[in-house]
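S.K.: predicted coordinates and the sequence they were generated for:
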Amino acid sequence: MTRLSRSIGACLVCALFSTLSVAEDTSTFVAPRGPGGKPDLNGTWRAMSRANFDLEAHAAKSAMALREGPIEPVPAKEVVALGTVGAVPAGMGVVVGDKIPYQPKALSKKRENQKNWLALDPEIKCYQPGIPRATYMPYPFQILHNEDALFFAYEYAGAVRNIHLVDPGPAPIDSWMGQSVGTWEGDTLIIVTTGQHDQTWLDRAGNHHSEALRVVERFTPTSSHTMRYEATLEDENIFTRAWTMRMTLYRLVGADAHLQQFNCVPFVEELLYGHLRKNPLE
Amino acid sequence: MKRPGSSTLAIALLLGLGVAAPVRAEQWQSPQMSWGVPDLQGTWTNATITGLVRFDEIEDLVLTPEAASQLEEGTADFFESIDEVPEGELAAGENVGGYNTFWMDPGRRLARVRGEIRSSLIVEPEDGTLPYSWRGYYRIAKRLWGLRSFDNPETRLLGERCILGFGSTGGPPMLPVLYNNHYQIVQSPGFVMILVEMNHDARIIRIEGERLPGVIRPWLGDSIGHWEGETLVVETTQFNPGQNFRASLRHFIYLSSDAMVTERFTRLSEREILYEFSVDDPTTYNQVWRAEIPMLAADGQIYEYACHEGNYSLTGMLSAERDEE
């Protein structure tokens, strides 16, 4: 073997090990220990999927709000000015089994929601996102946890949820973010959320639920900077069976890890109250 | 666990006998988080009928037990008197009134700090007033005058717009208001998070962190913390200009966007945090002013306070004005 070929061989071996160390073997990954000997989830996380556009697989298109055009659908009048910024990127879908198993009536409602997205999506009005949508909004969230407490702070709309580590019993009344109870199963954090009313959506595509929704989320560290996120949704009023969505959550580092404030309430005042000004704007 | 009152008594007795008092040994030891900082976690309330400024016609900061009883009973009577809901249907156009007592939760007791019953939360200046400069008075007057306008949503109070809770409940400084005076504290290495019940605002305090770029001026300001022994010290500035005027039924204050608020959280017992703060705002006040507020353990959990999502009130106010016109 020549010196050159030995060098090339050594480089290939180096590259192989380098690739392996970057990818990390998620099946045997042991998360760094945090509070109480559980995996350390403290930090700022974000989903990078396109799930908030549409949980199901979808092609890129010119806008969420469309109208009939002479040849093909074109952006609705209200969003034409946004051009590329208002377009929708393609998504691989996060639903296990591809399709959300709607009951027929609920599927019709989903289609109506989709058709009236601008008027009906709670995100447009800066309403709290509910669970699980809060997880895959295009904004990060910070987890604070220790032996006695577990808390999620979301950048979008300043939404929050305290995760009860002792089950307080049924939620006293339904709310936007519901009531969450957390337990550990090995290195997986399991959060069960109930007590949500039916006003939140699951994405911008109009996917929805009723107040009977029960969400079981599973957060499993898969590398030092990733978690597998699964959410199983049961809702006897809307779905024919329980179904699961699955995606990866990424830990943000450096300046990106600084959870900013996105209090969008003042940003939607013109939308919600502009017509009530003394002198409405043109 | 020792209560501050009992340790004070013990020290007084020892001094009377001419014996040096082991002050440190008598102090209550705060539990620690696993990473070695004091544990402030839990759900707390700062509800009290002691106002930010001194009660009228009372000079001293510390009340006698008799005076305190009178004030507490008088306040209870007042809340009972406004709890009357008109019977039957009101004639069209008649004033329907506001909240009755059921919806209010300002506490029933005067603030007790280190065993003293307080007539104001302000401890400096000594007269318990807000030491406004003429410029400060002008700012307050201008904002109050602006409240006459219902021309645009932006002229209304932050609480009415559901941008923040009213009256500086989220602060800083965090002040008690008419209701929803609860806070949840959760800590993680490098952070202390204070959830303000109204409006579900999470103040995420960065321990030994760096200031945000100057162009970023968050609601509730930019808070950096550090530990001084058992005390969490939080310095906040870079306030959003929209938060300068903070009004509730019980007080209103003005803070310029570059004011510096320094808060000190010291756990005194299992069920009490002493919350102290100072406001340094030379363009609004003639001097730095300070206040002390007990934060007491609250039994129960904080429920979601979703304001914006149900804000039919702002729509009602603006549309009523348009109808009038």
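M.R.: Alright, I've got the coordinates.
S.K.: helix or strand: which one has residue B:117?
M.R.: strand B:116-118 (DSSP states H and E).
S.K.: what does that strand contact?
M.R.: Here strand B:116-118 makes contact (Cβ atoms under 8 Å, 6 or more residues apart in numbering or on different chains) with B:50, B:61-65, B:68, B:110-112, B:292. Where C-beta positions appear, they are placed from N, C-alpha and C, glycine not excepted.
S.K.: let's have these in a markdown table, adding pLDDT.
M.R.: Output for the contacts of strand B:116-118, formatted as a markdown table (pLDDT from 0 to 100):
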| residue | pLDDT |
| --- | --- |
| B:50 | 97 |
| B:61 | 98 |
| B:62 | 98 |
| B:63 | 97 |
| B:64 | 96 |
| B:65 | 97 |
| B:68 | 96 |
| B:110 | 97 |
| B:111 | 98 |
| B:112 | 97 |
| B:292 | 98 |
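S.K.: for the stretch 201-325 of chain B, which residues are neighbours of chain A?
M.R.: By Cβ under 8 Å from any Cβ of the partner chain, the part of the stretch 201-325 of chain B that sits against chain A consists of B:201-202, B:204, B:216, B:218-219, B:242, B:301-304, B:306, B:308-309, B:314-315, B:318-319, B:321-322, B:325.
S.K.: just the buried ones from those, in ChimeraX syntax?
M.R.: Selection of buried members from those for ChimeraX, criterion 16 or more other Cβ atoms under 10 Å in any protein chain shown:
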select /B:201,202,204,218,219,302,304,306,308,309,314,318
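S.K.: C-terminal to the strand holding residue B:117, what's the next element?
M.R.: Downstream of strand B:116-118 (by DSSP H and E), the next one is strand B:122-124.
S.K.: can you list the strands that that next one pairs with?
M.R.: strand B:289-297 (antiparallel) (DSSP bridges).
S.K.: list the contacts of the next helix or strand after the strand it pairs with.
M.R.: From strand B:289-297 onward toward the C-terminus, using DSSP H and E, the following helix or strand is helix B:312-324. Helix B:312-324 has contacts (Cβ under 8 Å, 6+ apart) with A:272-273, A:276-278, B:150-151, B:153, B:156, B:160-162.
S.K.: what subset of these is buried?
M.R.: A:272-273, A:276-277, B:150-151, B:153, B:156, B:160-162.
S.K.: need the helices for chain B, in chain order.
M.R.: With helices called from DSSP state H, chain B shows them at B:4-16, B:23-26, B:65-81, B:134-146, B:158-161, B:312-324.
S.K.: and the stretch 151-282 of chain A, by the same measure?
M.R.: For the stretch 151-282 of chain A, applying DSSP state H, counting those that start in this stretch gives helices covering A:269-273.
S.K.: returning to what we had before: how about CSV for the contacts of helix B:312-324, with pLDDT and distance to residue B:185 added?
M.R.: Putting the contacts of helix B:312-324 into CSV (pLDDT from 0 to 100; distance: Cβ to Cβ, whole Å) gives the following:
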residue, pLDDT, distance to residue B:185
A:272, 98, 33
A:273, 98, 35
A:276, 98, 39
A:277, 98, 40
A:278, 97, 43
B:150, 96, 38
B:151, 97, 40
B:153, 97, 33
B:156, 95, 31
B:160, 95, 28
B:161, 97, 27
B:162, 98, 24
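S.K.: and of those, the nearest to residue A:169?
M.R.: Of all those, residue B:162 has the smallest distance to residue A:169: 29.6 Å, by Cβ to Cβ.
S.K.: that closest one touches residue A:265, doesn't it?
M.R.: Yes - taking Cβ atoms under 8 Å as the definition, residue B:162 is a contact partner of residue A:265 at 5.6 Å.
S.K.: who touches both of the two?
M.R.: With Cβ under 8 Å, 6+ apart as the test, residue B:162 and residue A:265 both reach residue B:308.
S.K.: hmm, residue A:168 is touching residue A:179, no?
M.R.: Yes - the pair residue A:168 and residue A:179 passes the contact test of Cβ under 8 Å, sitting 7.4 Å apart.
S.K.: roughly how far apart are residue A:219 and residue A:150?
M.R.: 11 Å (Cβ to Cβ, to the nearest Å).
S.K.: among the helices of chain B, which is the most enclosed?
M.R.: helix B:158-161 (a mean of 20; mean count of other Cβ atoms under 10 Å in any protein chain shown).
S.K.: ok, back up a step: and for residue A:219 and residue A:150, which residues touch both?
M.R.: residue A:189.
S.K.: residue of the stretch 1-150 of chain B nearest chain A, please.
M.R.: residue B:41 (5.7 Å; Cβ to the nearest Cβ).
S.K.: do I have it right that that residue meets residue A:149?
M.R.: Yes - if you go by Cβ under 8 Å, residue B:41 and residue A:149 touch, sitting 5.7 Å apart.
S.K.: intersection of neighbour lists for the two?
M.R.: B:186-187.
S.K.: the stretch 1-150 of chain A: strands as residue ranges?
M.R.: Counting by DSSP state E, counting those that start in this stretch, one finds strands in the stretch 1-150 of chain A at the ranges A:43-47, A:66-67, A:74-75, A:141-145, A:150-154.
S.K.: list the contacts of residue B:294.
M.R.: When contacts are counted by Cβ under 8 Å, 6+ apart, residue B:294 touches B:46, B:48, B:111-113, B:272-275.
S.K.: looking at those residues, spot the one nearest residue A:158.
M.R.: residue B:46 (20.6 Å).
S.K.: next up, the contacts around the closest one.
M.R.: Taking Cβ under 8 Å, 6+ apart, we find residue B:46 in contact with B:174-176, B:181, B:183, B:275, B:293-296.
S.K.: next one: residue A:23, what pLDDT does it get?
M.R.: Looking at residue A:23, its pLDDT is 46.
S.K.: quick one on the thing from earlier: in its sheet, what does the strand holding residue B:117 sit against?
M.R.: Strand pairing (DSSP bridges) places strand B:116-118 next to strand B:62-63 (antiparallel), strand B:112-113 (antiparallel).
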